[in-house]
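Peer 1: 3D, please:
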Amino acid sequence: MKTTIEILGKQVLVEWSRSADQKMQSLVEPLMVEMELYFSCLIRKAVRFGADAQASSFAVASPNLKIGFRPVMTRACSVGDFADAPPLTDFPIVKPEAYVPKRISIDFKNGQWTGDFFLKTDPS
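Peer 2: Model prediction:
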């Protein structure tokens, strides 16, 4: 399945597998999915699901799926950032739309939600 949503004025292609669609159909509430772009010593990306998704707003991809984008940062850079999950704060990017991903893919396999997002629409 796939659709296109708009986040911060940018088009995002949302793709999800048949197994993800089947699992979403059984949910009481829509699945909340967050694309987190983490700025620290390095840049890291993560896809968060359900209660872990804490974006300030979400776009509706389907009646059972909502997608958000959240750039975050740590207050300081240390080696410990990479071993544990440091406290995060929203990253006040001047033009956050420049960092909105172009594509996200979502799957449900082995009883777990998985996902990845990309800065290009073409997977290559």
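
Peer 1: three-state assignment of the residue positioned nearest the centre of the chain?
Peer 2: By C-alpha atoms, centre = their mean, the chain has its centre lying nearest to residue 35, at 1.6 Å. Here residue 35 is recorded as strand under DSSP: H, G, I helix; E, B strand; the rest coil.

Peer 1: give the contact list for it.
Peer 2: Residue 35 makes contact with 45, 47, 55, 67-70, 101, 104, 117, according to C-beta atoms under 8 Å, 6 or more residues apart in numbering. C-beta here means a position set from N, CA and C on the backbone, and glycine is covered the same way.

Peer 1: Walking through this protein, point out its helices one by one.
Peer 2: 18-25 (DSSP state H).

Peer 1: lowest-confidence helix or strand of it?
Peer 2: strand 89-90 (a mean of 78; mean pLDDT, DSSP states H and E).

Peer 1: Could you list every helix and strand that that one packs against?
Peer 2: strand 65-73 (3 or more C-beta pairs under 8 Å, 6 or more residues apart in numbering; DSSP states H and E).

Peer 1: tell me the angle of the strand it packs on relative to helix 18-25?
Peer 2: 100 degrees (axes from the mean of the first three to the mean of the last three C-alpha atoms, to 10 degrees).

Peer 1: now the residue nearest to the centre of the chain: how far from residue 68?
Peer 2: Distance of residue 35 to residue 68, given as C-beta to C-beta, to the nearest Å: 7 Å.

Peer 1: Identify the contacts common to those two.
Peer 2: Common neighbours of residue 35 and residue 68 (C-beta under 8 Å, 6+ apart) are residue 55.
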